[in-house]
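> How does the following fold in three dimensions:
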Amino acid sequence: MMEVWVYLNFSWVLNNGVQSIEKKILTLKEDRGHKHDDRRTRVAIYFDAAFDQQSFRSVSGLVVRDVGGKILASKSVLHSDVASPFAAEAHAGLQAIRLGISMGFNVLKIVGNSRTVIKKCQTADCDRSIIGALIRDIQSTKVHFQEIVFHFISKIKNTYAHILAKEALKKGEGHYLMGGIPSYVHRTLEKHWPRL
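Below you'll find the predicted structure:
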């Protein structure tokens with residue numbers, strides 16, 4: 001009797017189980033969520049720095065934009081004991097990459113208006129300048145991305161990151177905001193550049 005029961009159960013599982021597996025295979029092939037992830041992984045992070053020579057402090061201003069130009073996030077980070085304006089820009093570049101890592105992007109474009117920092121980030125050569133350690137840190141984080149490029153733009157095209165860094169240095173505080181930029185950036189833009 002036990003043998004008959006085992007045989008019947010095995011036959012039922014074999015017949016019905018195969019049909020269930022076939023149905024699952026068909027339903028697993030339909031995945032609509034991946035398109036959102038692809039779009040989300042292709043972003044540009046704009047960076048700029050503001051530097052105070054008297055206190056040797058700087059602020060990194062970061063603005064994350066998707067491929068359509070929409071602002072996904074903004075961040076300002078305070079730094080102390082910064083040696084020079086070039087070091088401030090290198091700190092900002094490093095913060096941009098760290099933000100890309102923390103947001104989970106795997107394809108990233110880093111955009112800044114410091115030609116020196118951008119050029120040093122584009123090469124794999126060992127940098128022995130005053131910002132060499134920061135450049136090496138930037139180089140070592142490239143492994144977190146499938147693709148990462150560095151792009152130079154003019155200061156006028158980097159207005160949001162510039163104002164963000166400058167105003168955060170005045171206020172002496174950092175921030176992290178998803179989905180936009182702080183209201184004080186909008187007010188400064190309207191005051192100084194009403195046509196932007």
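> only C-alpha atoms for contact and neighbour calcs from this point on.
Noted.
> Now do Ala124, the pLDDT please.
For Ala124, the pLDDT comes out at 79.
> Isn't it up against Ser140?
No. If you go by Cα atoms under 8 Å, Ala124 and Ser140 don't touch, sitting 10.0 Å apart.
> which residue packs closest to His95, ignoring adjacent ones?
You called it His, but residue 95 is Gln. Sequence neighbours aside, Ser60 is the residue nearest to Gln95 in space, at 7.1 Å (criterion: Cα to Cα, 6 or more residues apart in numbering).
> How many residues are close by that neighbour?
31 (other Cα atoms under 10 Å).
> Would you mind listing where this protein has pLDDT under the threshold?
The model of the chain has pLDDT under 70 over residues 1-41, 193-196.
> the helices in it, which residues?
Assigned helices in the chain, in chain order: 2-28, 34-41, 85-102, 115-122, 132-141, 159-171, 183-192 (criterion: DSSP state H).
> The third one versus helix 132-141: what angle between them?
The one in question is helix 85-102. Counting by axes from the mean of the first three to the mean of the last three Cα atoms, to 10 degrees, helix 85-102 points 20 degrees away from the direction of helix 132-141.
> And the fourth one, by the same measure?
Angular relation of helix 115-122 and helix 132-141 on a 0 to 180 degree scale: 40 degrees, by the same axes, to 10 degrees.
> Tell me the buried residues in helix 115-122?
Neighbour counts over helix 115-122 (16 or more other Cα atoms under 10 Å) mark Val117, Ile118, Lys120, Cys121 as buried.
> Distance to Ser154 for those - can I get that in a markdown table?
As requested, the buried residues of helix 115-122 are exported to a markdown table (distance: Cα to Cα, whole Å):
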| residue | distance to Ser154 |
| --- | --- |
| Val117 | 13 |
| Ile118 | 12 |
| Lys120 | 17 |
| Cys121 | 17 |
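> before we move on, back to that, got any residues that touch both of Ala124 and Ser140?
With Cα atoms under 8 Å, 6 or more residues apart in numbering applied, the contact sets of Ala124 and Ser140 do not overlap.
> tally of neighbours for the closest residue to Ser80 other than its chain neighbours?
Excluding the flanking residues, the one nearest Ser80 by Cα to Cα, 6+ apart is Arg57, at 4.5 Å. As a burial measure, Arg57 scores 20 neighbours (other Cα under 10 Å).
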